[in-house]
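J.: Below are the sequence and a predicted model; questions follow.
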Amino acid sequence: MTPTPAEAEKVSLPQTIDPPIPARILERLREELPLFAAESVEKAQQSLPQIAHALRGQGEDAHIRASDLARQVLVQLADPHTPKAQWADLCRSLGREAFRLGLSLEALEGAFRVGTRDGWVRLTRVGRQAGASGEQLCQLAELLFASIEQVCAYSVGAYRELAAQSSASLQAARKRLLDVLLSDPDAGGIEELARQAEWRLPQTVAAVALGESWHAKHQMLPALEPDVLMDLHRPDPLLLLPDPQGPGRVEMLQRGLREVRFAIGTSVPLADAASSLHMARHALSLMRRGLLRQGNHIQCTDHLASLLILSDEEIARQVARHQLGTFTELRSVERSRLRETLLVWLSSGGTYPEVADQLHVHPQTVRYRMRKLTQMFGERLRDPQWRFEMLLALHVDQMIDRSGEDAARPALSGQAAGATR
């Protein structure tokens, strides 16, 4: 594990070596430092494709800068007169440069591993050529490993500081972008906000409303694709999903949010993101009350008719009261059976055997029930407008009955007489 900068301060580099290593050996090793620095960068590129790609993408100057920085670190390390603070800052520069090149932390640490291995091989070869004994080589190896440990610690520490600052800045930019998209999408500067947020402007989006606080149960953010905008700290947490109809998008949400109830709004143009969020929150509210049921999540596109019917619940209830009043005088069991039969008959428009098959009863039973319904409604059974309104009312009644709401309300429970027929 890479030590922290604070831990690196405690790594003591031998100030004196006992017995002392002859000056000729130390001078010979110092002569190798520039070549060692350049070769270390080359070896890192050969061993780690990410480093090679980053340096190629930045041009020849990046390669020269990296080699020169590594050379300065080694030269100042070998100079006993270099102040510790100056050398430490130079080590930090390595980490900052790695971050600016777009390297991962794993690639940076990998470069130090390559450098340590190559340094040990070179130190052993040059030390033997200069006449170093086995004991002296061991002393030099101890110094090499302790030194590289410090260089790595300072570099990684600086890298992490920049990464934390960049992450906080990026998250702030994404939150600003999300707020604007949901509140004032026609405001100017959307393209610039998206650039700052490193977010590609999509053609379509879908808002996702979460049914509970994410951070109340989780320490980490959900495992979602990086293009998903999110604000999970607000009382009504939400996401904005780009290209919601793309392959695997819904499945990604199911995996990442599997412990949270959520609703996915309709896919809309980017400028209409607020309307998708409004629909998602409406669906989530209906889910909580049991009016819409579909596991721990729901897609609004699968329930558009129900969402339309319940977009104004008071009107929907009035339609149900008006159309279903005729059933109130019937006994509970008969009322339930006739409503069920009428719903299937109006929905399918099929023959008695087809209706019977869906209800799992005998066709003769359907004939009996339809005669009873004909006595109740007469010619209205053939009126397209009446059929539409009755079908609407039966669906409303079915949803409310399924949720358990209004069980005590007479107009829908069928316990009041005198309702409008």
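T.: Done, it's in.
J.: List the residues that contact residue 265.
T.: Residue 265 makes contact with 206-209, 275-280, 283, 300 under the criterion C-beta atoms under 8 Å, 6 or more residues apart in numbering. Backbone N, C-alpha and C define where each C-beta goes, glycine included.
J.: Of those, which belong to strands?
T.: Cross-referencing the contacts of residue 265 with the strands (criterion: DSSP state E) gives 206-209 as the overlap.
J.: Which one (most neighbours) among the residues you listed?
T.: Of all these, residue 207 has the most neighbours under the rule other C-beta atoms under 10 Å, reaching 30 neighbours.
J.: Next up, the contacts around that one.
T.: 182, 238-241, 264-265, 273-274, 276-277, 279-280.
J.: So it versus residue 129, what's the distance?
T.: When distance is defined by C-beta to C-beta, to the nearest Å, residue 207 is 69 Å away from residue 129.
J.: Which positions in the helix or strand where residue 30 lies come out as buried?
T.: When elements are assigned from DSSP states H and E, residue 30 belongs to helix 23-47. Going by neighbour count (16 or more other C-beta atoms under 10 Å), the buried part of helix 23-47 is 25-26, 28-29, 32-34, 36-41, 43-45.
J.: Could you pull up the residues touching residue 233?
T.: Residue 233 makes contact with residue 215, according to C-beta under 8 Å, 6+ apart.
J.: Reduced to three states, what does it come out as?
T.: On the three-state scheme (DSSP: H, G, I helix; E, B strand; the rest coil), residue 233 is labelled coil.
J.: Can you give me the pLDDT of the most centrally placed residue in the chain?
T.: For the chain, the residue nearest the mean C-alpha position is residue 224 (2.6 Å; C-alpha atoms, centre = their mean). For residue 224, the model assigns a pLDDT of 90.
J.: wait, is it part of a strand?
T.: No - going by three-state DSSP, the assignment for residue 224 is coil, not a strand.
J.: Enumerate every residue touching it.
T.: Applying C-beta under 8 Å, 6+ apart, the residues contacting residue 224 are 230, 239, 252-253, 256.
J.: Most neighbours among these, which one?
T.: Using other C-beta under 10 Å as the neighbour test, the contacts of residue 224 are led by residue 239, with 26 neighbours.
J.: Leaving out sequence neighbours, find the closest residue to that residue.
T.: The shortest distance from residue 239 to any residue that is not its chain neighbour, by C-beta to C-beta, 6 or more residues apart in numbering, is 4.0 Å, and that residue is residue 208.
J.: what's the pLDDT at that neighbour?
T.: Predicted confidence (pLDDT) for residue 208: 96.
J.: Tell me how far it lies from residue 269.
T.: Distance, residue 208 to residue 269, using C-beta to C-beta: 17 Å.
J.: and if you look at residue 32?
T.: 63 Å.
J.: cool, and residue 378?
T.: Taken as C-beta to C-beta, the span from residue 378 to residue 269 is 48 Å.
J.: quick revisit: same list as before, the contacts of residue 265 that is, but in a markdown table and with distance to residue 194 included.
T.: A markdown table is the format used below for those (distance: C-beta to C-beta, whole Å):
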| residue | distance to residue 194 |
| --- | --- |
| 206 | 17 |
| 207 | 17 |
| 208 | 19 |
| 209 | 22 |
| 275 | 20 |
| 276 | 18 |
| 277 | 18 |
| 278 | 23 |
| 279 | 24 |
| 280 | 22 |
| 283 | 27 |
| 300 | 25 |
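J.: so which of those residues comes closest to residue 331?
T.: Using C-beta to C-beta, residue 283 comes nearest to residue 331 of these, at 35.5 Å.
J.: what's the residue lying closest to that closest one once chain neighbours are set aside sitting at in phi/psi?
T.: What sits nearest to residue 283 in space, not counting adjacent residues and going by C-beta to C-beta, 6+ apart, is residue 263, at 4.1 Å. Listed backbone geometry of residue 263 is phi -130, psi 130, with angles given as degrees, to the nearest 10.
J.: now do residue 298
T.: Comment: the main-chain dihedrals of residue 298 come out as phi -150, psi 140, following degrees, to the nearest 10.
J.: Kindly report the same for residue 204.
T.: phi -130, psi 160.
J.: That one bridge partners, please.
T.: residue 269 (DSSP bridges).
J.: Distance of it relative to residue 180?
T.: In this structure, residue 204 and residue 180 are 18 Å apart, going by C-beta to C-beta.
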